[in-house]
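K.L.:
sequence unavailable; structure follows:
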């Protein structure tokens, strides 16, 4: 801790130069994944978690896109973020209103090209989208686990992904790709199972959660718990809405908020609740989030995120020692306006990897759309070639 | 709204060059203000607020430091921030544990030199530190106002400051100085009463609150209101603690959090409440805040902050028209790591003022301590000369 002015962290912005014909094919017409079926894997014996407790049985929801080739050498494991699920692309029914969460990037000729790759996405433990969670029935009580669910770590998510892959006879994966908490899993895969991963693409995720992330998550959890304490499930649900609002603004940037809302007001204002468009937007988004998520799940997933620290888990506190394990070729992608996982966090990891002689690079994309840039359609022209070239180039 | 990469806003960092002997005297030994007495002014007829409602009676708490000279030409109006009060310097009793909130900068030979200036600080309406607030008795009911208190705007705070000054026979002020919401008042003084203000020093405050500020305040208010709804006053108080935690991290920076806490854990962890030092710190600070603040007051003050928009109030929506009114010499000070009121917000105002030929300048201080830099002791070596030179130079 010093009183001296602190220089901004050194983060080189690397221009993307297409070095492979794949990048030049980036303009090939994109197709759609179409209708996809949710899949499930059941593990009656469950898993011994990082906390030491055994969770059993476990059910895992997952989806796949594209075709697994004969020697199983074309597997991309895609890792979803906090509020995502296994449904990453296509539609479950032709009339489903929205496609999966990364449909922009998954399909024929897209960044994750289903003409070439077999893509699998597994819903994480504690998520409400089909995998075992605090909403599942605790066999010892016959009631939902709720707060009796065991603590979950990112490591447990990686383990469940491994278990699902093994049900398909997949031992090694061509690439692991993820953003945000999905990026944490992609990174942990490269450290935990170095011999199984050829390429790892980590988007907007560092080697460890920062105290800013922990602080924001703490406030969000405490808001849910206060609601639960004073207002039961109704209170917890309003708490979840407020938590989501805070998370939502941490995914955006100052610029994004000015661009979308400025200081515009709503036609019918209510002094305490909604006067400004930005308030109305946050309430609306939180309402739709409540329809698709659960307060108990939110508590567990954010805590897993806090505990993420590769140096602690694999290096006895020493990140350099942990990263010495990596064998995959790694690409890190950050966004200049991401204040939740600022580029400096990724640069720290890349500096260490490079100093260890590992093939790792860091591309910082100039984007005003904050942490959520990897989900924002207007960033796609910049992000698509960065992903596609990395996945398709020969190594 | 555009998909193009957005360049960071242009904010020149201006080096501070002492141009006046006052700056050279900055090393003179500093003295203390000593014991000060709280003062009060009573306005039985109250004030017609910006919202159109009349609030009466009004009592205002204020303090003064230094001596008013014969021609009343040495007055500095100091404007406190959200959770501050009139008690800016010295101690009310010799054994008071902490001095006033800006004691670092007020006293003999300090930045606001009491050998030279008469400094006055007035507690704002709706604050719990002695001025009329939601905790005051509503004469129409005999009960505290609570949510029946009328809406307050920054303009009303300026009006009360004017009224208190007039009880002392002070019409014109040499300088107005403030940071954060205090900076909003300093700025509004220069626009509302151009002929009464010779110099205005605006620290870490823009010409209008951003949608980020509104969003953060909305979540904080809704947390308090959720607590109130489900848990009565106990719930509102826990809500205030959570609101304060969020506000607190918005006053800090990524760097400050890493420096203070990193990922350190506490000796006795409790899974949901406190595992990390940063959580323990936020809970502790929120507990002390609860002892000195009030949830109802917090609701009103943050709403006043949201509504701050000089272009709207004085220019029919046109900031340029509003700033055309300014006659004071203005200095704006920002901090590089302030993400609540980023330097770009102040630069917008300075660009307009300069284009109108007004004497205005913007000094951006390289500080890693976020919005709260103006309260942080280690920033004083940089901030003190910036304030002192501006106040003491001849115009």
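P.N.:
Good, I have the coordinates. It should be emphasised that the depicted structure is a prediction, and the values quoted were computed from it without experimental measurement. Residues are numbered from 1 along each chain as shown, chains lettered A, B, ... in the order given.
K.L.:
my guess is residue A:30 contacts residue A:111, does it?
P.N.:
No. The pair residue A:30 / residue A:111 is not scored as a contact, 9.4 Å apart, by Cβ atoms under 8 Å. For glycine as for every other residue, the C-beta is placed from the backbone atoms N, C-alpha and C.
K.L.:
ok, those two, which is more surrounded?
P.N.:
residue A:111 (24 against 16; other Cβ atoms under 10 Å in any protein chain shown).
K.L.:
so for that one, what pLDDT did the model give?
P.N.:
As predicted, residue A:111 sits at a pLDDT of 98.
K.L.:
now it: how far from chain B?
P.N.:
Between residue A:111 and chain B the distance is 17 Å, computed by Cβ to the nearest Cβ, to the nearest Å.
K.L.:
check contacts around that residue.
P.N.:
Shown in contact with residue A:111 (Cβ atoms under 8 Å, 6 or more residues apart in numbering or on different chains): A:105, A:383, A:384, A:387, A:388, A:391.
K.L.:
next one: phi and psi at it?
P.N.:
Main-chain torsions, residue A:111, degrees, to the nearest 10: phi -60, psi -40.
K.L.:
now residue A:244
P.N.:
Phi and psi for residue A:244, reported as degrees, to the nearest 10, are phi -60, psi -40.
K.L.:
that one contacts residue A:287, doesn't it?
P.N.:
No. Residue A:244 is beyond contact range of residue A:287, at 9.4 Å (criterion: Cβ under 8 Å).
K.L.:
looking at these two, which is more packed in?
P.N.:
Counted by other Cβ under 10 Å, residue A:244 and residue A:287 do not tie: residue A:244 has more neighbours, with 24 against 11.
K.L.:
name the helix or strand of chain A that has the lowest mean pLDDT.
P.N.:
Least confident element among the helices and strands of chain A, by mean pLDDT, DSSP states H and E: helix A:21-24 (a mean of 49).
K.L.:
helix or strand next in line after it, which one?
P.N.:
On the C-terminal side of helix A:21-24, the closest following helix or strand by DSSP states H and E is strand A:39-43.
K.L.:
quick one: neighbours of residue A:359, just the number.
P.N.:
Residue A:359: 14 neighbours (other Cβ under 10 Å).
K.L.:
chain B versus that one, what's the distance?
P.N.:
Residue A:359 sits 27 Å away from chain B, taking Cβ to the nearest Cβ as the criterion.
K.L.:
same thing with residue A:61?
P.N.:
Note on residue A:61: its distance to chain B, by Cβ to the nearest Cβ, is 26 Å.
K.L.:
check residue A:209 too.
P.N.:
Separation of residue A:209 from chain B (Cβ to the nearest Cβ): 7 Å.
K.L.:
thought residue A:306 was touching that residue, still the case?
P.N.:
Yes. Between residue A:209 and residue A:306 there is a contact at 5.5 Å, judged by Cβ under 8 Å.
K.L.:
filter the contacts of residue A:111 down to just the ones in strands.
P.N.:
The strands, defined by DSSP state E, take in nothing from those.
K.L.:
tell me the one among the residues you listed nearest to residue B:181.
P.N.:
Minimum distance to residue B:181 across the contacts of residue A:111 is 39.0 Å, recorded for residue A:383 (Cβ to Cβ).
K.L.:
now do the closest one against residue A:374, distance only.
P.N.:
To residue A:374, residue A:383 is 6 Å away according to Cβ to Cβ, to the nearest Å.
K.L.:
can you check residue A:317 too?
P.N.:
30 Å.
K.L.:
out of these two, which sits in the more crowded spot?
P.N.:
residue A:374 (27 against 11).
K.L.:
mind listing what the nearest residue to residue A:83 once chain neighbours are set aside touches?
P.N.:
Leaving out its chain neighbours, the residue that sits closest to residue A:83 by Cβ to Cβ, 6 or more residues apart in numbering or on different chains is residue A:293, at 6.0 Å. If you count contacts by Cβ under 8 Å, 6+ apart, residue A:293 has them with A:83, A:128, A:240, A:244.
K.L.:
what's the burial count for the closest residue to residue A:116 other than its chain neighbours?
P.N.:
Take residue A:116 and drop its neighbours on the chain: the residue closest to it by Cβ to Cβ, 6+ apart is residue A:74, 6.5 Å away. Counted with other Cβ under 10 Å, the neighbours of residue A:74 add up to 18.
K.L.:
residue contacts, residue A:74?
P.N.:
With Cβ under 8 Å, 6+ apart, residue A:74 has these contacts: A:66, A:68, A:116, A:117, A:118, A:174.
K.L.:
that one and chain B: what is the separation?
P.N.:
Counting by Cβ to the nearest Cβ, the gap between residue A:74 and chain B amounts to 32 Å.
K.L.:
pLDDT score assigned to that residue?
P.N.:
Residue A:74 is given a pLDDT of 98.
K.L.:
show me the shaky parts of the stretch 151-300 of chain A.
P.N.:
Along the stretch 151-300 of chain A, no part satisfies pLDDT under 70.
K.L.:
out of everything not next to it in sequence, what's closest to residue A:120?
P.N.:
residue A:64 (4.8 Å).
K.L.:
residue A:141 too?
P.N.:
Spatial nearest neighbour of residue A:141, excluding adjacent residues (Cβ to Cβ, 6+ apart): residue A:148 at 7.5 Å.
K.L.:
do residue A:48 as well
P.N.:
Once flanking residues are discounted, residue A:48 sits nearest to residue A:54: 5.0 Å by Cβ to Cβ, 6+ apart.
K.L.:
before we move on, the earlier item: wait, isn't the residue nearest to residue A:141 in contact with residue A:137?
P.N.:
No. With contact defined as Cβ under 8 Å, residue A:148 does not count as touching residue A:137 (11.2 Å).
K.L.:
identify the contacts common to these two.
P.N.:
Residues touching both residue A:148 and residue A:137 (Cβ under 8 Å, 6+ apart): none.
K.L.:
the residue nearest to residue A:48: neighbouring residues, count only.
P.N.:
Residue A:54: 12 surrounding residues under other Cβ under 10 Å.
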